[in-house]
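# The sequence and its predicted three-dimensional model are supplied below.
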Amino acid sequence: MGQHHKKLDEHKATKLSKKRILFVDDDTDTIAVIKMGLSRHGFEVEAFVDSKLALHNFKPGLYDILLLDVLMKGLDGFELYNKMRKIDENIRICFTSASNTFYGKYKNQYPEIQKECFIQKPFTIKKLANTIDSILGN
């Protein structure tokens, strides 16, 4: 096999091994910072500021995990998760929120979601990346 083919195969393997995240938050600054930060930590991030557009583009099996803000215009994070779960029942999830009460409010409604998947803002990119790695078993 030639050097060119070997490099292409290595590129494909790297691309395939990256974990894919669908990130939805209605704040464009948050989107930009989180997408850049998680990309630097080796994730492939597809981001949307519009929850309805994110739902329209969601495909089963395409993402390893969802990262959804709780309070958004249009569909909130929980409504979006419920609709996406009907499309892909195995999708993993992490919610983000500036509120410190949202975990207590929703833990009974979503008993399948681990406590560390409710991430309070502000958080560091490193903490977020480590939490996602932990959930995905990396």
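Structure's in. What do you need? Treat the numbers as computed from the prediction; the structure is a model and nothing was measured.
# Helix or strand for E79, just tell me which one.
helix 77-87 (DSSP states H and E).
# What helices and strands are in contact with that helix?
helix 51-57, strand 65-69, strand 92-97 (3 or more C-beta pairs under 8 Å, 6 or more residues apart in numbering; DSSP states H and E). To be clear about C-beta, it is placed using only N, CA and C from the backbone, and glycine gets the same treatment.
# quick check: mean pLDDT across the last one?
Confidence for strand 92-97, expressed as mean pLDDT, is 91.
# Check the longest one too.
Averaged across helix 51-57, pLDDT comes to 97.
# From the rest of the structure, what touches it?
22, 24, 26, 46, 48, 68, 72-77, 79-80, 83-84 (C-beta atoms under 8 Å, 6 or more residues apart in numbering).
# Leaving out chain neighbours, which residue sits closest to K83?
Take K83 and drop its neighbours on the chain: the residue closest to it by C-beta to C-beta, 6 or more residues apart in numbering is L55, 5.6 Å away.
# burial measure for the one you found, as a count.
17 (other C-beta atoms under 10 Å).
# and if you look at E112?
8.
# now it, what's its secondary structure?
Here E112 is coil, with the state taken from DSSP: H, G, I helix; E, B strand; the rest coil.
# how much space is there between it and L62?
Plainly put, E112 is 20 Å away from L62 if you go by C-beta to C-beta, to the nearest Å.
# Which secondary structure element of the chain has the lowest mean pLDDT?
helix 3-17 (a mean of 45; mean pLDDT, DSSP states H and E).
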